[in-house]
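J.: this one's structure only:
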């Protein structure tokens, strides 16, 4: 059946499907809780089979589209919907997204590993030099650092100005997650942020250290600090990565691989 646009009246049935895999659907779950089912910034479309919700496509701010179904299925209706939506990137579990590759107009695919923290003791972190971002000026400085990271370039799909506007909206209006940074000799040298907080998880994004300041343990310190913060909230951190060096760091800190993800980027 064709996808239909969901409303707030459909919240329970949509959340019931998404909560079958809370980690894979962290973005959709957190956004529905913050913005509702069909607000100005967020739209959810559902496909029913025999009166049962079988698949969901969620579009956030005409930017990111996420897809979830419990198993691979006929995607013809999903393809038609996606062709009509103004997404910049389309993402989800790899085995669910891969069948879309021949049918959608995109410039590249990006494959990542999703990992989540296991149980761990508190890290002994000297947090005197760590600061939580609270002002737009600090946010601008943190974003200046992330835009110097070469590894982020290939998957960047918005301008610096658009990304800063998105982060301002996320942290000052929606108030989802937190951004922290480490400053040395007056300048920010390392930063990371969390988004998509749910009852169980929060997603770490944009772990960044200036190239000339690497291999000094700054990123590790920031991640350990965030792990301590979220342990007190009784939540597990999760993140995605796609390079061996990052894998070694995160595995050493107690992250455990959970799933393969894929994004198609326009």
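T.: Ah, there it is. Everything numeric in this text was worked out from a predicted model, so none of it was measured. Numbering: from 1, shown residues only.

J.: next up, the contacts around residue 70.
T.: With contacts defined as C-beta atoms under 8 Å, 6 or more residues apart in numbering, the neighbours of residue 70 are 17, 20, 54. All C-beta atoms are positioned from the backbone trio N, CA, C, and that covers glycine.

J.: next one: residue 246
T.: By C-beta under 8 Å, 6+ apart, the neighbours of residue 246 are residue 207.

J.: with the one 5 residues further on instead?
T.: Residues in contact with residue 251, defined by C-beta under 8 Å, 6+ apart, are 115, 257.

J.: in what helix or strand does it lie?
T.: Taking DSSP states H and E as the definition, residue 251 sits inside helix 244-252.

J.: list the buried ones in the helix or strand just after that helix?
T.: Where DSSP H and E defines the elements, the next helix or strand beyond helix 244-252 is strand 255-265. Of all the residues in strand 255-265, those buried under the rule 16 or more other C-beta atoms under 10 Å are 255, 259, 261, 262, 263, 264, 265.

J.: okay if I get the residues you listed as a markdown table plus distance to residue 72 and pLDDT?
T.: Listed next are these as a markdown table, based on distance: C-beta to C-beta, whole Å; pLDDT from 0 to 100:
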| residue | distance to residue 72 | pLDDT |
| --- | --- | --- |
| 255 | 27 | 94 |
| 259 | 14 | 96 |
| 261 | 15 | 97 |
| 262 | 13 | 97 |
| 263 | 17 | 96 |
| 264 | 16 | 97 |
| 265 | 22 | 95 |
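
J.: any idea how far residue 106 is from the residue located most distally from the centre of the chain?
T.: What lies farthest from the middle of the chain is residue 50; by C-alpha atoms, centre = their mean that is 32.0 Å. Taken as C-beta to C-beta, to the nearest Å, the spacing of residue 50 relative to residue 106 amounts to 32 Å.

J.: sorry, back to before: starting at the chain centroid, how far to the helix holding residue 251?
T.: Per C-alpha atoms, centre = their mean, to the nearest Å, the displacement of helix 244-252 from the mean C-alpha position of its chain is 18 Å.

J.: got it, and stretch 150-161?
T.: That offset, for stretch 150-161, works out to 15 Å (C-alpha atoms, centre = their mean).

J.: and that stretch, what's its mean pLDDT?
T.: The average pLDDT within stretch 150-161 is 75.

J.: mind listing what's buried along it?
T.: Here stretch 150-161 shows residue 157 as buried, counting by 16+ other C-beta under 10 Å.
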